[in-house]
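A.B. asks: Quick one: sequence and predicted model below, then my questions.
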Amino acid sequence: MKQFFHIIILLLAAVLAGCVLLLGMSRIFFRPAEKIDEGVEGKYFSVLGDSLTAYEGYTIAGLSAYYHPENVSLDSMWWSVAARETGMIPCVINGGGGTGVTELLADAGVPTAGNSERCEYLHTEEQMPDVIFVLLGGNDVIQEVSEDIIENAYEEMLERIKQTYPEAEVYACTYYRLPGDLREPMIRLNDVIREAANNTGVDCIDIEDCAISSGNPQEYFMDYDAETGLGVHVNQEGQEIMGEAIASSFLEIRNSR
């Protein structure tokens, strides 16, 4: 009889631990935030992005994740921070390492270009997004795709997103400035993103001047190489800065209407 009660106690402890774990996970997206805007609180948002968005377990099938629990906590990913800052709820996080606005991974077995059917994978069977953030184009620049091709593809992507999700607010996001030889090409990419957003009637969330661009890459880039002066992927602090900057710009745009 004692052994029976011992087993019951162990089972109850396991169930309780599971409940605590679930509650801890829910805090990622639902704990109170200082900047919550009642106009967007509870709305669902989706993201279309590259490796800066891709987190282990939060990509669509066939795409790789750059970030994982060993290098950045889920709670610190930019879209997780943006969720807390705005009170919105993530719907689909469609990030993928190495992906771009154009098709850069032809052998992936799935469409990876932002202007392909991939940009239509931003909803679930139960939920359509109210807001869509797009953060793509960096890999196109790294792969030396011409600016004209990027801009045309970007406009195609935004128009396709608008047609697929006519009720959603769509926002095109610029990038922080990169160090080294990629600095100027990425600044020009941001101009392309602003122009594409303007041409398609989409709001632009501009984070080019956020703290990551301050000129101290050792502080914010986890892959910074002092010899080459290159760096692309921000660390945990950089992800948090991205999330705060995107959320702040998003709320400012909405409040200015």
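C.D. replies: Arrived safely, thanks for sending.

A.B. asks: all contacts plus neighbour counts: C-alpha atoms, from now on.
C.D. replies: Noted.

A.B. asks: wait, what's in contact with the most centrally placed residue in the chain?
C.D. replies: In the chain, the centroid-proximal residue (Cα atoms, centre = their mean) is residue 53; its distance is 3.6 Å. By Cα atoms under 8 Å, 6 or more residues apart in numbering, the contact list for residue 53 reads 47, 77, 78, 79, 93, 94, 95, 96, 135.

A.B. asks: rerun at 10 Å
C.D. replies: For residue 53, the contact set (Cα atoms under 10 Å, 6 or more residues apart in numbering) comprises 47, 59, 65-67, 77-79, 93-97, 134-136, 239.

A.B. asks: Quick check: PyMOL command selecting the buried ones in the residues you listed.
C.D. replies: Those of these that count as buried under 16 or more other Cα atoms under 10 Å are selected in PyMOL with:
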select buried, resi 47+59+65+66+67+77+78+79+93+94+95+96+97+134+135+136+239
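
A.B. asks: what's the burial count for residue 199?
C.D. replies: Using other Cα atoms under 10 Å, residue 199 is surrounded by 12 other residues.

A.B. asks: before we move on, back to that, what backbone torsions are found at the residue nearest to the centre of the chain?
C.D. replies: Torsion angles at residue 53 (phi, psi; degrees, to the nearest 10) stand at phi -100, psi -20.

A.B. asks: what's the answer for residue 95, then?
C.D. replies: Per-residue torsions, residue 95: phi -100, psi 160 (degrees, to the nearest 10).

A.B. asks: quick one: it and residue 51 touch, right?
C.D. replies: Yes: in terms of Cα atoms under 10 Å, residue 95 counts as a neighbour of residue 51; the distance is 6.3 Å.

A.B. asks: Contact partners for residue 209?
C.D. replies: Residue 209 sits next to 174, 175, 176, 177, 245 when contact means Cα under 10 Å, 6+ apart.

A.B. asks: Now for those: which two are most distant?
C.D. replies: Greatest spatial distance in the contacts of residue 209: 177 and 245, 13.6 Å, computed using Cα to Cα.
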